[in-house]
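# have a look at this fold, sequence not included:
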């Protein structure tokens, strides 16, 4: 897939009546949508075709954040002198692009990531 250039974060202010909010970014199979109201993770909503529909509209003045979280991992294994698989590499690039978008949107902070340089490669670990 070609990842569109969009930060996967939307910020709204509740008005007490609006209960449906649209998001417009791509997702990988392991990506999830998270919703926070006044910085609290909430689950009183349903997802329906790129829409978040709250059971009860968020209150007037509440801060609503809707964002994508892509799991930080690399299921593809790359080894010297093995065949090059284009689809595997494209998926890795897409995942890295999505993580960079989440970092740019403020969803993933640098505190979530730790790198270790080893003889067999660079290892990136996450608090998640």
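Right, received. Where do you want to start? Just so it is clear, the model here is predicted, and its values are computed rather than measured.

# state the distance from residue 96 to residue 37.
Distance, residue 96 to residue 37, by Cβ to Cβ, to the nearest Å: 30 Å. Quick note: C-beta positions are derived from backbone N, CA and C, even for glycine.

# so between the two, which is more surrounded?
Ranked by neighbour count (other Cβ atoms under 10 Å), residue 96 and residue 37 place residue 37 first, with 19 against 14.

# quick one: the helices in this structure, in order.
Taking DSSP state H to define them, one finds helices in the chain at 86-104.

# could you point out which residue ranges in it have low pLDDT?
75-76, 108-115, 121-128 (pLDDT under 70).

# closest to the centroid, which residue in it?
residue 69 (2.4 Å; Cα atoms, centre = their mean).

# surely that one meets residue 102?
Yes. Using Cβ atoms under 8 Å, residue 69 is in contact with residue 102, at 6.9 Å.

# mind listing the residues bridging to the residue nearest to residue 107 when sequence neighbours are not counted?
In space, and not counting its chain neighbours, residue 107 is closest to residue 67: 4.7 Å by Cβ to Cβ, 6 or more residues apart in numbering. Residues in a beta bridge with residue 67, per DSSP bridges, are residue 9, residue 34.
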